[in-house]
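1. let me see the structure of the following:
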Amino acid sequence: MTITLIIILIVFGIVLLVLEILVLPGLIAGIIGVILMLAGILWMYNSQGDTAGHITLGLTTAISAASVIYALRSRAWERFGLKQSLDGKSVSTSDLKVAEGDEVIALSALRPMGTVLIGDQKAEAQTNGELVPAGTTVIVVKILPNKLIVKPKT
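-> Numbers count the residues shown, from 1 in each chain. Sure thing, here's the model as predicted:
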């Protein structure tokens, strides 16, 4: 029974180590995995003696290294990665047909940043601190290279 528990500790430690490298960020799973493997190895040294402990240490090291190498070479981690790319672009205000004093519609709530609709194009807009609900008509106060400064229509 003791050897079965030792093997379970070591296998669970190896699984956590591989998951840390491939999937889980933050080092917590890797640290727990290493602690479990070390606990299993030390337990083997204490319960079965030096020879069994040395064999367990060597096998654990070899199996851990082989598992990590196999997981990286098999590209199993690619299943967890993002395959989509962002191909949107920000709208430059120089591309918009808008002038200071024009009225536009707030497409999203401006808190103080948000999106406005100019014709059929969306642009980023900012207020001077006012909170403007979506659907409100706003007036363009200033045109910057990457956003519009707007104020609510009074």
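
2. and the residue most central in space within the chain, how far from residue 13?
-> When C-alpha atoms, centre = their mean is applied to the chain, the residue found nearest the centroid is residue 25 (8.7 Å). In this view, residue 25 and residue 13 are 19 Å apart by C-beta to C-beta, to the nearest Å. Any C-beta I mention is one placed from the backbone N, CA and C, and that applies to glycine too.

3. so where does the residue nearest to the centre of the chain fall, helix or strand?
-> For residue 25, there is no helix or strand it lies in under DSSP states H and E.

4. same check, this time on residue 135
-> Take DSSP H and E as the rule and residue 135 turns out to sit in neither a helix nor a strand.

5. now the strands: where do they sit in the protein?
-> When assigned using DSSP state E, the strands of the chain occupy the ranges 103-106, 113-118, 121-126, 137-143, 148-152.

6. Serialize these to a markdown table and add fields for distance to residue 84 and mean pLDDT.
-> Below are these laid out as a markdown table (distance: least, C-beta to C-beta, whole Å; pLDDT from 0 to 100):
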| stretch | distance to residue 84 | mean pLDDT |
| --- | --- | --- |
| strand 103-106 | 29 | 95 |
| strand 113-118 | 22 | 94 |
| strand 121-126 | 20 | 92 |
| strand 137-143 | 33 | 95 |
| strand 148-152 | 29 | 95 |
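
7. so for residue 7, which of the ones you listed sits nearest?
-> When the strands of the chain are compared for distance to residue 7 using C-beta to C-beta, the nearest one is strand 113-118, at 56.2 Å.

8. pairing partners for that closest one, with directions?
-> strand 103-106 (antiparallel), strand 121-126 (antiparallel) (DSSP bridges).

9. for those strands, which one ends up most surrounded?
-> Looking across the strands paired with strand 113-118 with neighbours counted as mean count of other C-beta atoms under 10 Å, the highest average goes to strand 121-126: a mean of 18.

10. how about residue 143: what's its closest non-neighbour residue?
-> The spatial neighbour of residue 143 that comes closest, neighbours along the chain excluded (C-beta to C-beta, 6 or more residues apart in numbering), is residue 93 at 5.2 Å.

11. surely that neighbour touches residue 121?
-> No. Applying C-beta atoms under 8 Å, one finds residue 93 not in contact with residue 121, separated by 10.4 Å.

12. give the bridge partners for the closest residue to residue 105 other than its chain neighbours, please.
-> Of all residues not flanking residue 105 in the chain, residue 117 sits nearest, at 4.8 Å (C-beta to C-beta, 6+ apart). Bridge pairing for residue 117 (DSSP bridges) gives the partners residue 105, residue 122.
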